[in-house]
Every structure is written in structure tokens, then in C-alpha cells.
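> what's the 3D shape of this:
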Amino acid sequence: MRADGVIRVVIVDDHQLVRQGLEAVVASVDDIAVVGQAADGQSAVEVVAETEPDVVLMDLQLPERSGLEATHEILEARPDLAVLVLTMFDDDATVHAAIAAGAVGYLLKGADGEDILAAVRSAAAGQAVFGAALAHRMRTFFAGGPTRSAESFPELTDRERVILDKVAAGLTNVEISQALFLSPKTVANNVSVILAKLNLSERGKAIIVGRDAGLGRADPGHGEDPDGSR
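Numbering: from 1, shown residues only. As a prediction, this is how the structure comes out:
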């Protein structure tokens, strides 16, 4: 936030009507201003670098580069920036992946204007923000979900732990890329890094190690072929 007290916001969404609607919501107040917009992940990275906002309203399903990838790259350059996800996806895997990428908050599209404005203000103040529908699930997740895996794999980044969880569930790289809105190449690169960090020679051993640590339990319906094939 600047000396004038105005919160600078960049809106990232591939639908023009959504961007226009969010801009109209922001225009109704004096303490928040839209300083840039982007319709894809690559443009989001560039616009943020040019405009230096305080908060980014980030959709996840974007062309060129996913919202998760854009969030990760933006926060590598600007760790002080607050990324607030605004999306239609409310499944646990997507929520967890967004938080792992560094987002400080997560709202579902359909939230009313006042909720969005309140979330922007809270994010700018350094507070974590979750819509009412997600708040209980996130408390449960942080209370018991990832603690064991975080302790078991301190050498892994948050994103790598999320991907290892999917590997342990038996998902292929393509399935993981679809679930986390990452490119298959990004997933493959992360899997290679995970194997190297954990000193594992193959994917099948990663499945075993991950499951021993309590990962991969949320997707029991997927196959467990250790080479990732179906």
C-alpha cells in the first residue's frame, strides 16, 4: 500500500466481462485502484512487473501459463506481493496447490462485491483470506493434513510436496498437470527434482515413500502402476 493509502490491484482473468465486472466493483470505492489487467499467465507476470501492485486478483485457468505458474513466478520476484485467487474451482487439490504456490487467499467466483473488496483489503494488510465455504476445510487441512509430509520431506518445496502427494496417489504427469493447472513439462521437471532430492531411482519408489508418509490417500481410485502408466 502506498503513502496515499490506496491499494493498487492487478486483475488477471481470461474473460473480459469478468475483468470489467471486477474493475467496476473496485471503482465503487476510493481506497482501492485497478492499475493493470491481464488475460493470460504470461501477461500477468509482465503487467505485475510493470505496475508494481499491492494485490493481484488471480484466476487459475489461464492460457499461455496457468495462474499457479504465474503466481509462483510473480512471488519469486515480489515475495511481498499478495496474490488473492478468485476462481470457480473449490476442490481441495486446487486450493492446496494455490496456497503452495504462495497465494494468501482464495475466493470463489460468485462472491459478492463487498466480500471481494474486504478480501483485497485483508490481503493488502498481510492477512490470509478464505471464503466462508473454504474456511473450515482450510482449518482442518492446516491442523492435520500436511504436517506429517512437511516434517518427512523438509528438502521439498511446497509445490513439490503437493506433486509428490499426487504421485503417491498414482496419478500420471498428465493427470497431475490437469489437477494443478500446470503444464505436463513443469510436472515432469518437478517429479525429476523430487526423485533427485529424495535420492530415489524411479517413480514407483516415490509412490512407496510418499504413502509411507501418509500421502496419496485422497485419490484411492487411481491406479498405482509405478511407472506412471495406466
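> count of residues packed around residue 187?
Burial of residue 187, expressed as a neighbour count using other Cβ atoms under 10 Å, amounts to 24. Just so you know, the C-beta spots here come from the backbone N, C-alpha and C atoms, and that holds for glycine as well.
> do you know how far it is from residue 127?
Between residue 187 and residue 127 the distance, using Cβ to Cβ, to the nearest Å, works out to 31 Å.
> next: residue 9.
Taking Cβ to Cβ, one finds residue 9 at 16 Å from residue 127.
> wouldn't residue 162 be in contact with residue 100 here?
Yes - counting by Cβ atoms under 8 Å, residue 162 touches residue 100, with 4.8 Å between them.
> higher neighbour count, those two?
Neighbour comparison, residue 162 and residue 100: the larger count goes to residue 162, with 27 against 21 (by other Cβ under 10 Å).
> sorry, back to before: more neighbours: which of residue 9 and residue 127?
Taking other Cβ under 10 Å, residue 9 and residue 127 do not tie; residue 9 has more neighbours (25 against 12).
> separation between the more buried one and residue 88?
In this structure, residue 9 and residue 88 are separated by 20 Å, where distance is defined by Cβ to Cβ.
> tell me which element the spatially most central residue of the chain falls in.
The centroid of the chain falls nearest to residue 98 when counting by Cα atoms, centre = their mean (1.6 Å). Counting by DSSP states H and E, the element that carries residue 98 is helix 92-101.
> which strands and helices sit next to that helix?
Counting by 3 or more Cβ pairs under 8 Å, 6 or more residues apart in numbering; DSSP states H and E, the packing neighbours recorded for helix 92-101 are helix 67-77, strand 82-87, strand 105-108, helix 132-144, helix 158-168, helix 173-180.
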